[in-house]
Every structure is written in C-alpha cells, then in structure tokens.
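*Asks:* the following block contains a protein sequence and its predicted model.
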2 protein chains.
Amino acid sequence: MKIAVLGTGMVGRALAGRLAELDHDVVIGTRDPQHTLSRTEPDSKGIEPYAEWQQTHPDVRLVTFPEAGVYGELIVNATAGTVSLAALEATGAQNLAGKVVLDLALPLVYSDGAPPELGFAHTDSLGERIQRAFPDAQVVKTLNTVGKDVMIDPARLPGEHNLFLSGDHAEAKDLVRRVLGEFGWPQERLIDLGSIKTARSVEMYMQLFFNLFAVFGDFDFNITVMRAGTH
Amino acid sequence: MKIAVLGTGMVGRALAGRLAELDHDVVIGTRDPQHTLSRTEPDSKGIEPYAEWQQTHPDVRLVTFPEAGVYGELIVNATAGTVSLAALEATGAQNLAGKVVLDLALPLVYSDGAPPELGFAHTDSLGERIQRAFPDAQVVKTLNTVGKDVMIDPARLPGEHNLFLSGDHAEAKDLVRRVLGEFGWPQERLIDLGSIKTARSVEMYMQLFFNLFAVFGDFDFNITVMRAGTH
C-alpha cells in the first residue's frame, strides 16, 4: 500500500521505518524538505538530524505535505498535535477526501521539568477536530495511547495489553486493524470504542499515561483491560 | 477506626458495609437523615430505599454531615462529585482539619442514553478543589478508577490490576494504603502518582472508563499497567 506519514519526528520516523520494512511504499511528508534535510545537529530534544536517519532508511522518501497527500492511499498523522490541522490543511483537503487518516497525534504542551499536558481536551479532541475540518476524510484515532516503540512492536511488553479505535467509518477501521495486525497487534486486543467522539477519552487518558511516565521514567508500558470472568 | 462515609448512594453503602464488616466503627453522613429514611420507593436509578438497606446493615449509623465530621477519624467522600464541596462544607472545615479525606468522587453529568461525562476536568480536578477548599485536611484521591464492587473486592477480577493514589501528604497515603489492603488490594498494585494535582489524570481517565462501560455493558473491569521486563 502507498502510505504517507506526516511528521518527521521520532514517532513519524518509527512508523515510516516499520511500514517500509513491512514492504509498504512509504513517504514522509513535511512542510519544507530542504529545511528538514539542512539540519545537521540534534534538535533541542536530542533527536538525530533527519538526514542522518534517512541514510539508514533510503527506502523512505521525504516529500512536501501536498506531495504526501497525492501519494498516500493511507495517511498517517504523526505531526505534533498542536500543528496537525495546519499540516493536514497543507496536505490538502482534496487529497484526504475518501481516504483513511490514521490519527495518532496529541496536542501536547511542554513546560520545563513537568510531564507534558494536553493543550485542549475534555470538551473536544484532536481526532474530532480533524474529522470536522476534513469531513470527506475517514479519521480513525488509534495508537496514541502508547509510545512509539510499543506502537510498532507490541510484543516488547508482557500480557495481553490493549489498543483502542475511535472513528465514524467501519471500513476505515477495518483497514487500520489490518495495519495494526502487521505491526503485531492481535485483533482481539483491539477495542472499538465507537464514534470519533470517543477519541476524547483516549486523548484524556494521556494525562494518566504521562503521570505514569513520570513514575516509571520510561514509555515502555501499556494497559490491559481486565474483565471479570475472562483471562 | 472510626470512619465516616459521606454519601448514601450505592458507592457509599458498599464502602460503609464493607468497612463495618472489617470491624471498623462506621457512620454514613447525609444532609437530612429523616428525609433519607423517609423514602420508601426505589429512586430514579432503581436504587433500593436507604431504609431497606439499613435493615441489613444495622451496624452502620446514619447521621448528619456535621455529626459524621465530628465522629470520623477517617472521612470517605462518596458523595456525587458535583455536590461534594457543599457536602464537605456541611461536614465542617474544623471537623476535617488534620484528618485524612479519602476522595473517590467524580463530578459526573448524566444525559439520556449516553455514558456520563465529567462536569469539569483537564484544567482542574475534584481532588484538587477539595484540597484547596480544605487546606487543613489531607486529601488522598484513590478508588475512583473502579466500580464499587471492584473497590471493595479486587479479587473478583483476574490479573494484577492497579489502583492509583494522588495526594500531598505521605502519612495520609500510608493510612489509605492500609485501608485498601484490608479491602484486598495488594500493596504492590498501588501506584503512587504523586501530588494531588495528579488527581486530574485519574479523573480524566474516567472518560475512557465510561466508554469501556458502554462497550462491555458492565463496570466489572479495571486496568493493569504492563511494563517491559516485568510480570
């Protein structure tokens, strides 16, 4: 499948690299590829320059947002949630129409020393905002409840830990389920929460996720839903 | 220990009944005991009248909020979260001073047919509001992430599922840990998230909890945090 991952950060790279390993045709979209490639020093978070990462992933092409929109049959939003709407606008509403948008972004706001917080939540969610802004796209919110390493390799954690899906389009969820299955997520671990409005709940969960990060010191965890009479 | 449970709903009754079974001296506080006892029909949610419940729990005394405040060495807030501050005000700031307030309430707002939502969240929490309103009390937020049956009998669910603690007072958390231990919660399953500000995250989690309720049709579940390299 032709897949466009939007966002050149750690999460976008992890997903794009894994999808290419799985033999998909993958591009990464960014605002200005020349600018992205011109950086030669690690950024403020210590992330290696994109150009260095690209050397070990020659099968992933870096393109502009609109080029990514034209190319991708599936669009993966891995941009920073605070700029996702602008990135998708640049990708082009006409390029998103009729396509599945897998949205895993979070509108995180960072302040020194503290766990990140959500810029907006509770009465709205990024998943809903994207679906409202691009009504002809089929938005599926998922993967946002785990760190990048767990996203693409759930077997690194013990137990039957879960992932959630939110969205208004059943066939779009089926496509996303197949991709998650390729990452190693057993289908019975995927919990369909319902409409895109339920993106609110998985985004709100992230405050607990970041508090747990603060306790553990790493993102190498996920939750399992334990029900009476099962397991 | 002398324990005052505030709130005569299903959650307050479940906790008071279990605490009395555990040989604590338990009162339930309410605004107007005569009014509470005068009801003879199930309420709008189908909950049996308090007077009926009392017949099977003669060891739990029903008292006014201020009487509960004077009596309790530990105060358990099991009122509806939207009225908790008023209930605690009636209980009396002077009666809460220096005591542990175990807060398990949620500011839920119900609308027909849909899962309940939080009246406020994200930028504030009920746990924080209570601690701010009663600075001389020692508020510990816990138990709000599970249904009443799981609260008092965690063994009804499989697996090593977790509970979270939030609060500014270490000794208060120790007291709450002991009570949770009496309910059957192994100490290693209790995750201390930090200050009372982290009550925000366990209250925000509840939107996911209620979406899961909508999927499962019951409250008989909880989450286990699975970490790499453990279990």
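*Replies:* Arrived safely. Computed from a predicted model, the values in this text were never measured in an experiment.
*Asks:* next one: residue A:176 from residue A:3, what distance?
*Replies:* Residue A:176 sits 12 Å away from residue A:3, going by CB to CB, to the nearest Å. C-beta here means a position set from N, CA and C on the backbone, and glycine is covered the same way.
*Asks:* same check on residue A:161?
*Replies:* 25 Å.
*Asks:* of these two, which one has the most company?
*Replies:* Higher neighbour count among residue A:161 and residue A:3: residue A:3, with 24 against 21, using other CB atoms under 10 Å in any protein chain shown.
*Asks:* pretty sure that one sits in a helix.
*Replies:* No: applying DSSP: H, G, I helix; E, B strand; the rest coil, one finds residue A:3 to be strand, outside a helix.
*Asks:* spell out the residue ranges of the helices in chain A.
*Replies:* A:10-21, A:33-38, A:50-55, A:65-71, A:84-91, A:93-96, A:126-133, A:148-152, A:170-183, A:199-204, A:206-216 (DSSP state H).
*Asks:* for these, give me TSV that also has distance to residue A:120.
*Replies:* Formatted as TSV, the helices of chain A follow (distance: least, CB to CB, whole Å):
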stretch	distance to residue A:120
helix A:10-21	20
helix A:33-38	27
helix A:50-55	28
helix A:65-71	23
helix A:84-91	11
helix A:93-96	21
helix A:126-133	8
helix A:148-152	23
helix A:170-183	24
helix A:199-204	9
helix A:206-216	12
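*Asks:* list the contacts for the spatially most central residue of chain A?
*Replies:* With distances taken as CA atoms, centre = their mean, residue A:104 lies nearest the centre of chain A, 2.8 Å away. By CB atoms under 8 Å, 6 or more residues apart in numbering or on different chains, the contact list for residue A:104 reads A:11, A:15, A:76-78, A:141-144, A:151.
*Asks:* could I get those residues as a markdown table with pLDDT and distance to chain B?
*Replies:* Below are the contacts of residue A:104 laid out as a markdown table (pLDDT from 0 to 100; distance: CB to the nearest CB, whole Å):
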| residue | pLDDT | distance to chain B |
| --- | --- | --- |
| A:11 | 97 | 18 |
| A:15 | 98 | 19 |
| A:76 | 98 | 22 |
| A:77 | 98 | 21 |
| A:78 | 98 | 22 |
| A:141 | 98 | 12 |
| A:142 | 98 | 13 |
| A:143 | 98 | 15 |
| A:144 | 98 | 12 |
| A:151 | 98 | 14 |
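*Asks:* now residue A:110. Nearest residue, chain neighbours left out?
*Replies:* Leaving aside its chain neighbours, residue A:110 sits nearest to residue A:116 (5.0 Å; criterion: CB to CB, 6 or more residues apart in numbering or on different chains).
*Asks:* near chain B, which residues of chain A?
*Replies:* A:118, A:121-122, A:156-159, A:161, A:164, A:191-194, A:198, A:200-202, A:204-205, A:207-208, A:210-212, A:214-216, A:218, A:220-231 (CB under 8 Å from any CB of the partner chain).
*Asks:* roughly how far apart are residue A:140 and residue A:165?
*Replies:* Residue A:140 is 6 Å from residue A:165, by CB to CB.
*Asks:* joint contacts of these two?
*Replies:* Shared contacts of residue A:140 and residue A:165, defined by CB under 8 Å, 6+ apart, comprise A:173, A:176.
*Asks:* between these two, which one's more packed in?
*Replies:* Ranked by neighbour count (other CB under 10 Å), residue A:140 and residue A:165 place residue A:140 first, with 30 against 23.
*Asks:* looks like that one contacts residue A:164 (just checking).
*Replies:* No: Residue A:140 lies out of contact with residue A:164 (CB atoms under 8 Å); the separation is 10.5 Å.
*Asks:* isn't residue A:30 up against residue A:66?
*Replies:* No: Residue A:30 is beyond contact range of residue A:66, at 11.2 Å (criterion: CB under 8 Å).
*Asks:* higher neighbour count, those two?
*Replies:* Between residue A:30 and residue A:66, counted using other CB under 10 Å, residue A:30 has the larger neighbour count: 26 against 14.
*Asks:* tell me the spacing between the more buried one and residue A:52.
*Replies:* 15 Å.
*Asks:* what does residue A:147 give?
*Replies:* Taking CB to CB, one finds residue A:147 at 22 Å from residue A:52.
*Asks:* neighbour count for these two, which is higher?
*Replies:* Using other CB under 10 Å as the criterion, residue A:147 and residue A:52 rank with residue A:147 on top: 17 against 12.
*Asks:* that one - nearest residue in space that isn't next to it in sequence?
*Replies:* Using CB to CB, 6+ apart, the closest residue to residue A:147 is residue A:219 (3.1 Å).
*Asks:* neighbours of the one you found, how many?
*Replies:* Based on other CB under 10 Å, the number of other residues close to residue A:219 is 16.
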